[in-house]
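**Q** Just to be clear, the model below is a prediction. Sequence and coordinates:
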Amino acid sequence: MSATNSASVNAADVDEANPLEQSTITMLDVLEEEKELEEEYAAVLGGSDEKECTYAKGAIQRQALYSCLTCCPEARDDPKKSAGVCLACSYKCHENHELIELYTRRNFRCDCPTLEKRCALNPQLEAVQPKNANNLYNHNFQGVYCKCKRPYPDPERTTEETMLQCVICEDWFHLQHMEAPAGSEKLSNACSEMICDCCMERHEFLRDYSGLALQPAAGAKESATEEINVVDSHPTKNEQQSEQQSEQPAEKRLKLSDDACRRPKSSKEHKGAAFWANDWRKALCRCGKCLELYKEQSVEFLLDAEDSVEAYEKRGMKRIEENSSYEQGIRALASIDRTKQIDVITEYNRMGDKLKEFLQSFAANKKVVTEDDIKRFFAGMQSEKSTAVSQPYFCR
Ligand SMILES: [Zn+2]
Ligand SMILES: [Zn+2]
Ligand SMILES: [Zn+2]
Ligand SMILES: [Zn+2]
Ligand SMILES: [Zn+2]
Ligand SMILES: [Zn+2]
């Protein structure tokens with residue numbers, strides 16, 4: 001965004017009507033909107049490669065993923081017959097196909113080279129590749145979520161819809177469709193990760209850590225901010241023991257605490273979904289026995305700090321940080337004089353409407369917004385701007 005055109009706003013008119021004050025908010029709103037858009041974009045796509053297929057890298061830790069129903073029509077009846085394709089393949093090999101956006105998935109290998117329709121990004125592969133046996137599929141690949149098995153956004157829904165992704169099964173849930181402790185509405189807003197009721201049931205050991213989960217304060221008084229607190233786990237017997245052993249040489253002490261199980265014993269019964277604060281994974285015990293358990297239950301990823309969606313999003317944000325048009329916009333706005341600001345603001349008001357229109361067309365057609373689409377939109381606005389200079393667009 002630049003403010004180099006000097007269109008026909010009369011300075012006197014400006015002062016009289018003083019549209020700056022009313023308009024400034026709108027301008028910032030639009031910038032904010034753009035920022036949110038960019039952040040959303042960065043969160044889902046930023047950490048993923050948009051040019052190269054990830055197949056050669058195998059099952060990668062986390063990536064944006066798309067289910068293609070055009071290439072796998074059988075998936076509509078059986079999610080096991082789905083295919084998930086990487087970001088680059090969604091652009092290059094499945095353009096205009098019916099794609100379901102899966103947000104991000106862990107440990108998934110791109111299925112594009114395993115499809116009859118050959119992967120355009122892997123020309124060196126001479127034949128259709130065998131199915132990726134370790135990929136996991138669920139009903140999200142059919143475009144439905146939660147226990148209610150509804151699409152998102154749900155066309156039949158009139159109220160605002162919030163879904164939470166379970167960090168273990170990676171399905172998305174409506175809070176009201178899970179079994180969850182009382183007061184979970186607030187917990188779900190405050191938590192950084194959620195584990196659904198079914199996964200809490202399936203992985204019994206997690207219930208031992210439920211003392212570390214966010215919980216409504218005892219008595220659940222209606223005080224606005226203090227209601228949620230993280231309950232510290234009391235040191236376990238083993239921890240107390242290893243503290244007593246601190247007289248011993250460091251090496252031996254280390255060995256002892258390595259072997260000691262630090263899994264807390266839950267003091268009370270936990271039922272339903274659990275909501276966790278930022279660092280809860282660090283509390284997971286790493287003794288030999290527990291490691292064995294995680295492996296058995298295929299949840300070893302919980303020990304990996306880089307596994308979390310948050311860590312993935314941070315990587316993505318870092319990648320686009322330098323190139324944000326929001327930052328550029330704010331900088332440009334601060335550096336121009338007031339008369340010119342009006343031009344920019346008027347323009348942004350115009351752009352704001354167009355941006356909404358533009359995004360709504362994607363929502364209406366259930367199309368996935370790509371980086372190219374966003375770039376095209378801003379490029380379009382840019383060229384429209386330069387042709388509009390001679391027109392009396394800015395006249396009031
Ligand atoms: Zn791919
Ligand atoms: Zn396809
Ligand atoms: Zn491909
Ligand atoms: Zn639901
Ligand atoms: Zn789950
Ligand atoms: Zn342990």
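**A** Thanks, I have it. Ligands and ions are numbered 1, 2, ... in the order given.
**Q** Could you use CA atoms for every contact and neighbour count after this?
**A** Noted.
**Q** Report the contact partners of the residue of the stretch 1-150 of the chain found nearest ligand 1.
**A** Nearest residue of the stretch 1-150 of the chain to ligand 1, counting by C-alpha to the ion: C53, 3.7 Å away. Neighbouring residues of C53 by C-alpha atoms under 8 Å, 6 or more residues apart in numbering: C86, L87, A88, C89, C110, L121, N122.
**Q** Please repeat the previous calculation with a cut-off of 7 Å.
**A** C86, A88, C89, L121 (C-alpha atoms under 7 Å, 6 or more residues apart in numbering).
**Q** mind giving me a markdown table with these and columns for secondary structure?
**A** Listed next are the contacts of C53 as a markdown table, based on DSSP: H, G, I helix; E, B strand; the rest coil:
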| residue | secondary structure |
| --- | --- |
| C86 | strand |
| A88 | helix |
| C89 | helix |
| L121 | coil |
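**Q** and these near ligand 3, which?
**A** C89 (C-alpha under 5 Å from the ion).
**Q** nearest to Q215, of the contacts of C53?
**A** Distance to Q215, by C-alpha to C-alpha, is smallest for C86 among the contacts of C53, at 37.2 Å.
**Q** okay, how far is it across stretch 176-184, tip to tip?
**A** 9 Å (C-alpha to C-alpha, to the nearest Å).
**Q** Check stretch 148-157 too.
**A** 13 Å.
**Q** which parts of that stretch are buried?
**A** Y152, P153 (16 or more other C-alpha atoms under 10 Å).
**Q** same check, this time on stretch 88-95
**A** Buried residues in stretch 88-95, counted by 16+ other C-alpha under 10 Å: A88, C89, S90, Y91, K92, C93, H94.
**Q** who touches that stretch?
**A** Stretch 88-95 is contacted from outside by D49, E50, K51, E52, C53, Y66, C112, C119, A120, using C-alpha under 7 Å, 6+ apart.
**Q** Narrow the residues you listed to those that are buried.
**A** Buried members of those, scored by 16+ other C-alpha under 10 Å, are E50, C53, Y66, C112, C119.
**Q** residue ranges of the strands in the stretch 51-200 of the chain, please?
**A** 60-68, 84-86, 99-108, 163-165, 172-174, 193-195 (DSSP state E, counting those that start in this stretch).
**Q** Reformat the ones you listed as a markdown table; add mean pLDDT and distance to Y152.
**A** Shown next, in a markdown table, are these (pLDDT from 0 to 100; distance: least, C-alpha to C-alpha, whole Å):
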| stretch | mean pLDDT | distance to Y152 |
| --- | --- | --- |
| strand 60-68 | 92 | 14 |
| strand 84-86 | 96 | 18 |
| strand 99-108 | 91 | 10 |
| strand 163-165 | 90 | 9 |
| strand 172-174 | 93 | 10 |
| strand 193-195 | 95 | 19 |
